[in-house]
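> Model the following, please.
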Amino acid sequence: MSPESQTIALAISAAFVSAATNITFAPALRQMGSFALAQFNNVGNTILLGAVGFWLYEPGSFRWEALAWFGVLGVMNYSINRWVFYTGMNIVGPARFPAS
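Below is the predicted model:
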């Protein structure tokens, strides 16, 4: 698979997983708070992305500085983003297609 095809396949699968996560977590949002759900989502993402990173790891390409910045920015940005998103979804509700 070419790098371009791999990039497209990973982008499509990321969009699918993101949408599926939102659909799956909508009922759980009623049972738990938006902050707890965002942290649950972060743990799942850490496990999934850690497995993918371990699978795609090439010896000699690891840098501690990159891991530190990736961790800090990823946790802070994604945690705040998911918390705001789930709070909004809790207030407004999940998106629905209009009935025809």
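> contacts, neighbours, all on C-alpha from now
Will do.
> Quick one: the helices in this structure, in order.
3-31, 34-56, 64-92 (DSSP state H).
> So the residue nearest the centre of the chain versus residue 76, what's the distance?
Nearest residue to the geometric centre of the chain (C-alpha atoms, centre = their mean): residue 45, 5.4 Å. Distance, residue 45 to residue 76, using C-alpha to C-alpha, to the nearest Å: 14 Å.
> got it, and residue 23?
From residue 23 to residue 76 the distance is 23 Å (C-alpha to C-alpha).
> swap in residue 88?
Counting by C-alpha to C-alpha, the gap from residue 88 to residue 76 is 18 Å.
> before we move on, what about residue 13?
Residue 13 is 24 Å from residue 76, by C-alpha to C-alpha.
> next one: residue 2
On the measure of C-alpha to C-alpha, residue 2 and residue 76 end up 33 Å apart.
> Name the residue in these two with the higher neighbour count.
Applying other C-alpha atoms under 10 Å to residue 2 and residue 76 shows that residue 76 carries more neighbours, namely 11 against 6.
> quick one: the more buried one from residue 42, how far?
Counting by C-alpha to C-alpha, the gap from residue 76 to residue 42 is 10 Å.
> Number of residues surrounding the nearest residue to residue 89 once chain neighbours are set aside?
Residue nearest to residue 89 in three dimensions, not counting chain neighbours: residue 26, with 7.9 Å by C-alpha to C-alpha, 6 or more residues apart in numbering. Residue 26: 16 surrounding residues under other C-alpha under 10 Å.
> try residue 86
24.
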